[in-house]
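>>> dropping the sequence and predicted coords here.
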Amino acid sequence: MPFSNLSIDVNTLPRQEELELQPVSPKFKAVQWWNWSVLWIIIAALFTGFLFLPKVKLSVTAIIIVSGSLLLLAVIHKIAQLLSFRFRAFAVREHDIVYQQGWLIRKKEFCPFSRIQHCSVNAGIFERKYGLATLEVFTAGSSGADIAIKGLTAEQATLLKEMIIKNAGQDDNI
């Protein structure tokens, strides 16, 4: 078969704007709140514990500056989480699954079914409390999940997993 590599008119390609993304469950905000709270409680506890070490002698000013900096970081982290929540969305199309996330740096990932090796549904302690789960999609050659869609209802995640497994590895003739 002779080699062929013809040019494609870029104007005829489908537009990403035409892709209808579904937002993740609004309950995921609560999960993010709990995860954020646990993280910052641990950081505060470590800082407080550090202050009680026998050889640590910090001035009141240094303690106030470090405490204020940690508080500022916690607030910035929470604001970034809230802003990024609006951009968490996914879509399932005929030949692939799409996941978008990020506020400051927006990332849209496309994973063709023909490249998928396996997928899994996971739920942490706070996700289970709110009936949510994370769908992880793996392709060959990666050490971790290629796409991890957080904030799906447990039912959505299970249905998507079954559909992906059914279509995984099939040649989509793209």
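Thanks, I have the structure now.

>>> wait, F87 touches L104, no?
No. F87 is beyond contact range of L104, at 9.9 Å (criterion: CB atoms under 8 Å). Bear in mind the C-beta positions are built from the backbone N, C-alpha and C, glycine included.

>>> more neighbours: those two, which one.
F87 (16 against 8; other CB atoms under 10 Å).

>>> helix or strand: which one has that one?
F87 belongs to no helix or strand when elements are defined using DSSP states H and E.

>>> packing partners for the longest helix belonging to the chain?
Secondary structure of the chain per DSSP state H: the longest helix is helix 60-85. Applying 3 or more CB pairs under 8 Å, 6 or more residues apart in numbering; DSSP states H and E, we find helix 60-85 packed against helix 28-51.

>>> just the angle between the helix it packs on and helix 60-85, please?
160 degrees (axes from the mean of the first three to the mean of the last three CA atoms, to 10 degrees).

>>> grab the nearest non-local neighbour of M163.
V92 (7.1 Å; CB to CB, 6 or more residues apart in numbering).

>>> any idea what that neighbour is bridged to?
I97 (DSSP bridges).

>>> contact partners for the residue nearest to A148 when sequence neighbours are not counted?
Distances taken as CB to CB, 6+ apart place E136 nearest to A148, at 4.8 Å, with adjacent residues excluded. E136 makes contacts with 119-122, 145, 147-149, as judged by CB atoms under 8 Å, 6 or more residues apart in numbering.

>>> swap in 10 Å and give it another go.
Going by CB atoms under 10 Å, 6 or more residues apart in numbering, E136 touches 118-122, 144-150, 157, 161.

>>> highest neighbour count among those?
Going by other CB under 10 Å, I149 tops the contacts of E136 with 26 neighbours.

>>> relative orientation of the host helix or strand of the residue nearest to A148 and helix 28-51 in degrees?
Assessed by DSSP H and E, E136 sits inside strand 132-139. Using the same axes, to 10 degrees, the direction of strand 132-139 lies 90 degrees away from that of helix 28-51.

>>> what's the offset of strand 132-139 from the middle of its chain?
10 Å (CA atoms, centre = their mean, to the nearest Å).
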